[in-house]
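Visitor: Here is the input, now give the coordinates:
(one chain, ligands or ions: 1)
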Amino acid sequence: SGCNSESRGALVVLEGLDRSGKTSQSSRLLTYLEGLGHSVELWRFPDRSTNVGQMISSYLSNKSQLDDHTIHLLFSANHGIMSTWVFMFPLSIIYWDKNLSDYVYKHTFDCGWTLLRSLMETKLKTGTTLIVDRYSYSGVAFSSAKGLGDEWCKAPEIGLLAPDLVLYLDIQPEKAAERGGYGAEKYEQLEFQRKVAQCYQVLHDASWKIVDACQPIEDIEKQLQELVLECVMACQKGKPLANLWS
Ligand code: 2DT
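Guide: Here you go, the predicted structure:
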């Protein structure tokens, strides 16, 4: 059941609160699709391996402090969007954030044009399915939970590709808090996660499937497999790509 070279891959995103199981389910999906002979890659945001990713990581582990707007834009920059720099430059002056202005200075002129969007588009058009662990929705949900406006949060990410399918792993914040490892990072706090859950609610659209994340792990896995396979088929048959936040 492999893909033929003319059909495109699917853009599948997993979203949900911290500890909802996105990361383990994404790797299970990867194994599943590979097993069926599909060309598939697993991506994850934030990508902590890049320069910006390290700034994000140190913020999340409370080693550095950044203004809410600034960290939002760093997440956007981490999503590989050129227009982020247009937003970031004035902010680096307004907040006179040394890290940020150093970063803008060093990278504005050499970040090139290998935009995430075009990278994704190339992968999809050559038949590779992308499983993405968090995407722009996390950006909007987490920042608007802090009180930033939805539209402001979406603005730097306009033009990214819209996913073909968003799998939302639905868990009550109280249940997630009972799971292991909770509380290690800045955002892993019950009160904040409650707000994030509310912010996710208003982002749902037709591409979202809500899956109960409190079922046994294999049951969730089975449901995700069915949803993804259906989506992969639709994309193979020529479902058109669309833009996010347009
Ligand atoms: P992980 O625990 O999955 O590594 O996420 N986040 C993520 C944002 O605030 N904005 C974004 O654009 C993205 C992709 C969600 C670490 C935290 O980063 C948050 C949780």
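
Visitor: worst-scoring helix or strand of the protein, pLDDT-wise?
Guide: Here the helix or strand of the chain ranked lowest by mean pLDDT, DSSP states H and E is helix 98-107, holding a mean of 58.

Visitor: Quick one: name whatever helix or strand follows that one.
Guide: helix 116-125 (DSSP states H and E).

Visitor: what lines up beside the following helix or strand past that following helix in the sheet?
Guide: The helix or strand immediately downstream of helix 116-125 is strand 129-133, counting by DSSP H and E. The strands beside strand 129-133 in its sheet (DSSP bridges) come out as strand 11-16 (parallel), strand 40-44 (parallel).

Visitor: May I have strand 129-133 as CSV, with CA atoms only?
Guide: Listed next in CSV are the C-alpha coordinates belonging to strand 129-133 (Å, rounded to 0.1, in the frame of the first residue of the first chain):
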residue,chain,number,x,y,z
THR,A,129,3.5,12.5,5.1
LEU,A,130,4.5,14.8,8.0
ILE,A,131,3.4,14.0,11.6
VAL,A,132,3.9,17.2,13.6
ASP,A,133,4.0,17.2,17.4
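
Visitor: Can you name the residues in contact with that strand?
Guide: Residues outside strand 129-133 that contact it (C-beta atoms under 8 Å, 6 or more residues apart in numbering) are 9-14, 22-23, 26, 29-30, 33, 38-45, 120, 123-124, 163, 228, 232, 235. C-betas here are computed from N, CA, C, even on glycine.

Visitor: Same check on stretch 209-226?
Guide: By C-beta under 8 Å, 6+ apart, stretch 209-226 touches 16, 20-21, 24-25, 28-29, 32, 165-172, 175, 204, 227.
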